[in-house]
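>>> sharing a model prediction with you, sequence too.
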Amino acid sequence: MTTAFQAHARPESMLLNMGPSHPAMHGTIRILLELDGEKILNAEAEVGYLHRGFEKTCEHRTWFNLLIYTDRLNYVSPLINNVGYALAVEKLCGLEAPERAQWIRVLMSELSRVSDHLTCIAAMAMDCGAFTVFLYNMKAREFLWDVIEQTTGARMTTSYIRIGGVRTDLHPDYDAVVRTAVSETRKVMKDVRGLLDKNAIFLGRTRDVGTITSEDAVSFGWTGPCLRSTGISYDVRKARPYLTYDRVAFDVPTGDRGDNFDRYFVRMAEMDQSLRIIEQCLDPLLRSRTSPLGPMIEPAEAIRAARISPPTVPVRLSPNLEGAEKAVLSEIQTGDPRYAVPSKEETYGTIEGLIAHFQYFMAGHGLRPPKGEVYVSVEGGNGELGFFLVSDGTDRPYRLHLRAPCLHIVSALSGLIKGRLVADIIPTFGSMNMIGGELDR
Amino acid sequence: MEETNVLTALRAAFPADVRETGESFGDPVVTIRPEALPAIAAFLKAEPWSYAMLLDLTCVDHPDRSERFEMVYHFLSLTANRRLRLKTDLPAVAPEIGSLTGLWRNADWLEREVFDMFGVRFSGHPDLRRLLMYDGFEGHPLRKDFPLRNRQPILPPRERT
């Protein structure tokens, strides 16, 4: 079977498959190339190799259960996906998370954004031969993931942001760990700037390569750092502030040429701003901190005591529920039993709590948003990450559609590399930060 | 305020084609006749409304309705920071609607995705084929009557030519 691409190729040109499994194709994408020597006459990107049927699967899961699938969209910044989905459902239900939960969400989103940009620049620089930059960035990312791991218990698939709030409070020692992560990331970024900003090899491969005009970028639906590199300062955090983004000070850096170097440069500048936001989150978080929990008794002891009279002292929860104690939970989750799981103390200690817990997880009874449809977007690592939800009033979404920022960006790839050399594909593709999980769904 | 203005303007400019205007969770929504889509989209893209970006394009399947496929478009105006949702219904048999590839370049892939997942055809699309699924795949996965655990034989290896 010949494809249209093959049929249109000149008989004397060479057809080459780049990918779907290629060391420089981060994720799986296939680029068909029609070459005249090293020159690209025509190119076509073929996607879908990582298609898991995300939207179809979600239609068959409950609103609560499908949260884990959102982790796997942009797997470098899963927390932002969680935030986007949770905000969309909350808008449908008319909910608002408590203030502390909102600050935690902002903190987690920005940590994820920095790790996303670090990963992109690491891969892009490595493909251009700058392996040191890759290692430095991975080092910084580890410090950021320390914060995430300490609180959520996982590095990538966290499922930490829940509808109506967050799963647990921050780890008691988070403050020092966040400050270390910020200062270590700053150090790494200074080194990376020193290595790349005036590096002749890096400049040669990125300056005026993969250039896109702002008109084309808008026409292709580009958002995020890639759109801002063309000079348009559209940022969802500024355009439609969500959570507490209207209460933190940050700038929206832009580029002017829209080439690979500008995309690198805007990402670096954005990380600076994200670190600024992270620092501004620490104060309100410290102020809204819940008072330390008083004395607690072990579960076995509580059972023994309960034979005589119900224990008055709270029972210690299992270590993996740390930070979700009843006293803390009211600060980080909505108290509405229709939309949130009751605390474990209530579930195991009272009959009402047990019923509420069972109802929440019983088929057809759980979280049921009112009928309606809603589109909510957040600023993801790659741009506007939107969720379009249609609810028919049952416990499963009637339709869930993801606006993946990557899809719009990658759809412009073949146009950017046409007429260039094969070597230019690598940095151009790298600067786009394609994430297979969200592109192919 | 501004949002109602665009709805009023649409009603005034296309009295026969605008079926319904309203609001959903703060976002203005307009429902139109499918035949008028390219004209209305061009109207929205042009000054003074300048919805310069096609933010998203998708479809919702309602098998119980006679007009089964509901196309949903989201437009964004960067200058005025406004969003607009545009909806239109397509029949169950041979659903087809005009393509927006001439107005927005990302419509190319977005329309291919809807064609792939729902089987909606876009007249005027330069290269309408599947985007995410492979050639030779049968059916349209996001239709409600497509079973969740449907298995299809993997295609035999292509013969070398």
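Everything's here; your move. Numbering: from 1, shown residues only, chains lettered A, B, ... in the order given.
>>> what's the mean pLDDT across stretch A:183-203?
On average, the pLDDT along stretch A:183-203 is 91.
>>> just the pLDDT for A:M1.
Here, the pLDDT recorded for A:M1 equals 52.
>>> the helices in chain B, which residues?
With helices called from DSSP state H, chain B shows them at B:2-13, B:37-45, B:107-118.
>>> out of the ones you listed, the one nearest B:Y73 is which?
B:Y73 lies closest to helix B:37-45 among the helices of chain B, at 7.5 Å (Cβ to Cβ). (Glycine included, C-beta is placed from N, CA and C.)
>>> ranking the helices of chain B by mean pLDDT, which is last?
That would be helix B:2-13, which, of all the helices of chain B, carries the lowest mean pLDDT at a mean of 76.
>>> compute the inter-axis angle for it and helix B:37-45.
130 degrees (axes from the mean of the first three to the mean of the last three Cα atoms, to 10 degrees).
>>> put together a markdown table for the helices of chain B, with mean neighbour count on each row.
A markdown table is the format used below for these (neighbours: other Cβ atoms under 10 Å in any protein chain shown):
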| stretch | mean neighbour count |
| --- | --- |
| helix B:2-13 | 14 |
| helix B:37-45 | 18 |
| helix B:107-118 | 23 |
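>>> how close does A:Y69 get to A:R289?
32 Å (Cβ to Cβ, to the nearest Å).
>>> what does B:P34 give?
For B:P34 relative to A:R289 (Cβ to Cβ), the value is 55 Å.
>>> what do you get for A:I425?
From A:I425 to A:R289 the distance is 50 Å (Cβ to Cβ).
>>> okay, these two: which has more neighbours?
Neighbours per residue (other Cβ atoms under 10 Å in any protein chain shown) separate A:I425 from A:R289, with A:I425 holding more: 25 against 15.
>>> what strand or helix carries that one?
Taking DSSP states H and E as the criterion, A:I425 maps to helix A:422-432.
>>> nearest to chain B: which residue in the stretch 1-150 of chain A?
Using Cβ to the nearest Cβ, the single residue of the stretch 1-150 of chain A nearest to chain B is A:G48, 3.7 Å away.
>>> what's the burial count for the closest residue in space to that residue that isn't next to it in sequence?
Residue nearest to A:G48 in three dimensions, not counting chain neighbours: B:L132, with 3.7 Å by Cβ to Cβ, 6 or more residues apart in numbering or on different chains. Residues lying near B:L132 (other Cβ under 10 Å) number 22.
>>> one more: A:L35?
17.
>>> now swap in A:F131 and tell me
The burial count for A:F131: 12, using other Cβ under 10 Å.
>>> state the pLDDT value of it.
pLDDT, read off for A:F131, is 88.
>>> domain assignment for chain A?
Structural domains annotated on chain A: A:64-289+A:369-440, A:299-361, as defined by automatic domain parsing.
>>> to chain B, which of those domains lies closest?
Per Cβ to the nearest Cβ, nearest to chain B of the domains of chain A: domain A:64-289+A:369-440, 3.8 Å.
>>> from B:F146, how far off is A:I409?
29 Å.
>>> which one of the two has more residues nearby?
A:I409 (28 against 16).
>>> is the more buried one part of a helix or strand, or is it coil?
Following DSSP: H, G, I helix; E, B strand; the rest coil, we place A:I409 in the helix state.
>>> and A:S77, what is it in contact with?
Residues in contact with A:S77, defined by Cβ atoms under 8 Å, 6 or more residues apart in numbering or on different chains, are A:S109, A:S112, A:R113, A:S115, A:D116, A:G380, A:G381.
>>> tell me the one of those nearest B:Y51?
Nearest to B:Y51 out of the contacts of A:S77 is A:G380 (Cβ to Cβ; 21.8 Å).
>>> pLDDT score assigned to the closest one?
Per the predicted model, pLDDT is 88 at A:G380.
>>> what parts of the stretch 201-350 of chain A come near chain B?
Residues of the stretch 201-350 of chain A found near chain B (Cβ under 8 Å from any Cβ of the partner chain) are A:D216, A:V218, A:S219, A:F220, A:G221, A:I232, A:Y234, A:A239, A:R240.
>>> quick check: the first one is in a strand.
So that's A:D216. No - in this structure, A:D216 is helix, not part of a strand, as judged by three-state DSSP.
>>> my read: B:M133 touches B:F118, true?
No - B:M133 lies out of contact with B:F118 (Cβ atoms under 8 Å); the separation is 11.8 Å.
>>> neighbours of A:N74, how many?
If we define neighbours as other Cβ under 10 Å, then A:N74 has 27 of them.
>>> follow-up on the earlier one: looking at per-residue confidence, what score does the residue nearest to A:G48 get?
88.
>>> can you give me the distance of A:N433 to B:P95?
Taking Cβ to Cβ, one finds A:N433 at 35 Å from B:P95.
>>> returning to what we had before: show the contacting residues for the residue of the stretch 1-150 of chain A closest to chain B.
Here A:G48 is in contact with A:D440, B:R130, B:L131, B:L132, B:M133, B:Y134 (Cβ under 8 Å, 6+ apart).
>>> any idea which of those residues is the one closest to B:A39?
The closest of these, once distances to B:A39 are taken by Cβ to Cβ, is B:L131, at 26.1 Å.
>>> surely that closest one meets B:F118?
No - using Cβ under 8 Å as the test, B:L131 is too far from B:F118 to be in contact (11.9 Å).
>>> what sits up against stretch A:118-131?
A:24, A:26, A:76, A:133-134, A:136-138, A:140-141, A:144, A:185, A:188, A:192, A:195-196, A:199, A:201-202, A:205-206, A:260, A:264, A:267-268, A:271, A:381, A:426-427, A:430-431, A:433.
>>> I meant stretch A:288-296, not that one.
Contacts of stretch A:288-296 (Cβ under 8 Å, 6+ apart): A:E99, A:R100, A:W103, A:D169, A:V313, A:P314, A:V315, A:R316, A:E325, A:A327, A:V328, A:E331.
>>> OK, contacts around the fifth one?
Right, the one you point to is A:V313. So A:V313 contacts A:G294, A:P295, A:M296, A:I297 (Cβ under 8 Å, 6+ apart).
>>> any idea of the pLDDT on it?
79.
>>> that's a strand at it, yeah?
No - assessed with three-state DSSP, A:V313 is coil; it does not lie in a strand.
>>> near chain A, which residues of chain B?
Chain B has residues B:24-25, B:27, B:52-56, B:58, B:60-61, B:72, B:74, B:78, B:81, B:83, B:85, B:104-106, B:108-110, B:113, B:117, B:127, B:130-135, B:141-142, B:146, B:148, B:158 near chain A, with proximity defined as Cβ under 8 Å from any Cβ.
>>> narrow these to just the buried residues.
For the residues of chain B next to chain A, a burial check counting by 16 or more other Cβ atoms under 10 Å in any protein chain shown picks out B:27, B:52-56, B:58, B:60-61, B:72, B:74, B:78, B:83, B:85, B:104-106, B:108-110, B:113, B:117, B:130-133, B:141-142, B:146.
>>> who touches the host helix or strand of A:V188?
Element membership for A:V188 (DSSP H and E) is helix A:174-196. Applying Cβ under 8 Å, 6+ apart, the contact partners of helix A:174-196 are A:107, A:111, A:114, A:118, A:121, A:125, A:130, A:132-133, A:136-137, A:139-140, A:143-144, A:146-147, A:150-151, A:171, A:202, A:264, A:268, A:271-272, A:275, A:278-279, A:282, A:285-286.
>>> show the buried residues in those.
A:107, A:111, A:114, A:118, A:121, A:125, A:130, A:133, A:136-137, A:139-140, A:143-144, A:146-147, A:151, A:171, A:202, A:264, A:268, A:271, A:275, A:278, A:282, A:285.
>>> of A:N433 and B:P95, who's got more company?
The neighbour count for A:N433 versus B:P95, taken as other Cβ under 10 Å, is higher for A:N433 (29 against 21).
>>> per-residue confidence for the residue nearest to that one when sequence neighbours are not counted?
What sits nearest to A:N433 in space, not counting adjacent residues and going by Cβ to Cβ, 6+ apart, is A:C120, at 3.9 Å. We have a pLDDT of 90 for A:C120.
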